[in-house]
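Engineer: I would like the atomic coordinates for the input below:
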Amino acid sequence: MRFRVAMLLASAMLTAIGSARLLSAQVRQIGDLTTREILALDRTKTVVMLQGGMLEEHGPYLPAYTDGILSARLTQDVAAGIARQRAGWTVLVFPPIAAGASGSNEIGREYVFPGTYALRPSTLRAAFVDLASELGEQGFRWVLVVHVHGSPLHIGALDDAGDFFHETYGGTMVNLWGLLPVLGGWGGAMTNMTAAEKAADGLSLHAGMDEHSLMLYLRPDLVAADYRQAPSVSGANYAEAFAVAAQPGWPGYLGAPHLATAAFGERIWRAFSGAALTTSLEILDGKNPATYPRYLTYLKTLPLYRAWIDSTNARDSLAGDRLATWLARRGR
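Structural biologist: Predicted structure coming up:
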């Protein structure tokens, strides 16, 4: 009997090791590959994953790279899920692109804020369109963008790059964070908050109870210990939240960080990560990404977000003109 048990345990261990090796073989880091290995990839069964990493203030208690940490972990989870459920496919993971547009400090029209180091939306669009062009010219057909950052023009820039890729090369490039079914995983997990928690957290637009909980679950070592003393800074609706963010001395978050727990973060993460994987697999199975409702379409229905978009577009244009003037003067 003991021999039989030992054999069963050994068999299980070998199976687990074999599965781990298979996943490792299917999930490849593009920076580790040679040109010969890249050329050998079956373009019809290779999913490229472009992961983002916005540097954006998240208040006094969370790191500026919070969005990058969430994006990296989501890339890891979705890549592993695709590898498990799509035998014969390769997931090609790009290094983090630590750049994003329009920090959430712009909610209160604070365009300069410690911790936020943003590109112009037009610059971000151009960067991802350039990457889309490189991938398209090399014959890649499937691209998933994982960039967990919620400002409207940031999302719009990535959506545009995906549309460009599809219309120019006929492939599929999807900004996962821009699809409402993916965001619905995160939001749905928050419906279990108590009435008291909802009242304190308000309309949690940025770095509230949810993001602090996620970081307590994923990277508790990066959460400042005094988050438990953080006062609630919130509004019950969009108008109140935007007004709070515009007040002098705004600390850079909207919500109730002191209510955060790792358990709540795990609940959100499992739902969010699961929704991202489910949506990704549906797309790889042939579902048209255009049939999913987009987050930006919803945001554009909100007057306060339309005003945010207009102000950021105006700044983008002015910055572009300033650069063009400088280049022209330098040329002379």
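
Engineer: C-alpha from now on. contacts and neighbour counts both.
Structural biologist: Fine.

Engineer: all strands for this structure, in order.
Structural biologist: Counting by DSSP state E, the chain has strands at residues 27-29, 46-51, 90-93, 142-146, 172-175.

Engineer: Dump these to TSV, plus mean neighbour count, mean pLDDT and distance to Gly188.
Structural biologist: Shown next, in TSV, are the strands of the chain (neighbours: other CA atoms under 10 Å; pLDDT from 0 to 100; distance: least, CA to CA, whole Å):
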stretch	mean neighbour count	mean pLDDT	distance to Gly188
strand 27-29	18	97	29
strand 46-51	24	98	24
strand 90-93	23	98	28
strand 142-146	24	98	20
strand 172-175	26	98	20
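
Engineer: Ok, which of those strands comes nearest Ala196?
Structural biologist: Ala196 lies closest, by CA to CA, to one member of these: strand 142-146, at 32.8 Å.

Engineer: Show me where the chain has its helices.
Structural biologist: 2-26, 35-39, 66-85, 121-137, 152-169, 180-189, 195-201, 209-218, 238-245, 262-284, 295-299, 303-331 (DSSP state H).

Engineer: CSV for the ones you listed, including mean neighbour count?
Structural biologist: CSV is the format used below for the helices of the chain (neighbours: other CA atoms under 10 Å):
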stretch, mean neighbour count
helix 2-26, 13
helix 35-39, 10
helix 66-85, 21
helix 121-137, 18
helix 152-169, 22
helix 180-189, 19
helix 195-201, 17
helix 209-218, 24
helix 238-245, 18
helix 262-284, 19
helix 295-299, 16
helix 303-331, 14
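
Engineer: Save those helices as JSON lines, and put in distance to Asn105 and mean pLDDT too.
Structural biologist: Output for the helices of the chain, formatted as JSON lines (distance: least, CA to CA, whole Å; pLDDT from 0 to 100):
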{"stretch": "helix 2-26", "distance to Asn105": "39", "mean pLDDT": "54"}
{"stretch": "helix 35-39", "distance to Asn105": "40", "mean pLDDT": "98"}
{"stretch": "helix 66-85", "distance to Asn105": "14", "mean pLDDT": "97"}
{"stretch": "helix 121-137", "distance to Asn105": "15", "mean pLDDT": "98"}
{"stretch": "helix 152-169", "distance to Asn105": "13", "mean pLDDT": "98"}
{"stretch": "helix 180-189", "distance to Asn105": "21", "mean pLDDT": "96"}
{"stretch": "helix 195-201", "distance to Asn105": "18", "mean pLDDT": "97"}
{"stretch": "helix 209-218", "distance to Asn105": "16", "mean pLDDT": "98"}
{"stretch": "helix 238-245", "distance to Asn105": "8", "mean pLDDT": "97"}
{"stretch": "helix 262-284", "distance to Asn105": "23", "mean pLDDT": "98"}
{"stretch": "helix 295-299", "distance to Asn105": "17", "mean pLDDT": "97"}
{"stretch": "helix 303-331", "distance to Asn105": "11", "mean pLDDT": "95"}
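
Engineer: which stretch among those helices comes nearest Val146?
Structural biologist: Closest approach to Val146 among the helices of the chain is made by helix 66-85 (5.8 Å; CA to CA).

Engineer: That closest one - contacts with which helices or strands?
Structural biologist: The contact analysis (3 or more CA pairs under 8 Å, 6 or more residues apart in numbering; DSSP states H and E) places helix 66-85 against helix 2-26, strand 27-29, strand 46-51, strand 90-93, strand 142-146, helix 262-284.

Engineer: circling back to that earlier point, got TSV for the helices of the chain, with distance to Pro114 too?
Structural biologist: What follows is those, written out as TSV (distance: least, CA to CA, whole Å):
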stretch	distance to Pro114
helix 2-26	39
helix 35-39	40
helix 66-85	14
helix 121-137	19
helix 152-169	19
helix 180-189	27
helix 195-201	23
helix 209-218	19
helix 238-245	15
helix 262-284	26
helix 295-299	26
helix 303-331	18
